[in-house]
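**Student:** Please find the sequence and the predicted model below.
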Amino acid sequence: MDNLAFIRDTMEAAGSFTAVSGWAMVAVGIIATVAAMIASAQHSVLQSLYVWIAAAVLAPVVMLWGIVRKARRARMPLLSGPGRKFVLSFSPPILVGALLTIVLYRAGLVGVIPGMWLLLYGTAVVAGGAFSVKIVPVMGICFMLAGTLAVFTPSAWNDWIMAAAFGGLHIGFGIPIARRHGG
């Protein structure tokens, strides 16, 4: 019995986290696209940032709902083996991004926040994606490239870069993930 338990634990730890929901990613992309339209109509970078923060609160709720739903449908435990590794790898860059948002806001460097968000979100996706399907880390690298662009371009471009990344990349990668990996 001990050998069977060891084999089962080893196989579970070696698996991939496949509960990433492609359709939830598409929904997050739509949220980001709507946020970009609203944010670009604002009269200041700060007001635009507030719109993006609202989207940043809503999007993870939608994504978590999609992941939980997909995992339940597949009868897959969320926080064991690959799921736990995904969360432990994904979470630190996201938490750092939240803290740096406050620091940059207080320092009056609001214009660099979108680039930092894209870079750290991309880092989180690459790190967590190491325990997921192969397309997920590729998406993370694309976010990092968008973040690099945002850091070195005028802040007036930020809403559109964020729309292309948070909107376009989520939709563009979400559809193949949904089709190839069961939702």
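**Tutor:** That came in fine, so what should we check first?

**Student:** Tell me the buried residues in the host helix or strand of residue 66?
**Tutor:** If you go by DSSP states H and E, residue 66 is part of helix 45-73. In terms of neighbour count (16 or more other CB atoms under 10 Å), helix 45-73 has its buried residues at 45, 48-49, 51-53, 55-56, 58-59, 62-63, 66-67, 70-71. Where C-beta positions appear, they are placed from N, C-alpha and C, glycine not excepted.

**Student:** Relative to residue 156, which of the residues you listed is nearest.
**Tutor:** Residue 156 has its nearest neighbour among the buried residues of helix 45-73 in residue 45, at 8.2 Å by CB to CB.

**Student:** ok, back up a step: moving C-terminal of the helix holding residue 66, what's the next helix or strand?
**Tutor:** Per DSSP H and E, the first helix or strand lying C-terminal to helix 45-73 is helix 82-106.

**Student:** now the angle between helix 45-73 and that following helix, please.
**Tutor:** Here helix 82-106 points in a direction 170 degrees away from that of helix 45-73 (axes from the mean of the first three to the mean of the last three CA atoms, to 10 degrees).

**Student:** Now helix 82-106: average pLDDT?
**Tutor:** For helix 82-106, mean pLDDT rounds to 90.

**Student:** Please consider this matter closed, and thank you.
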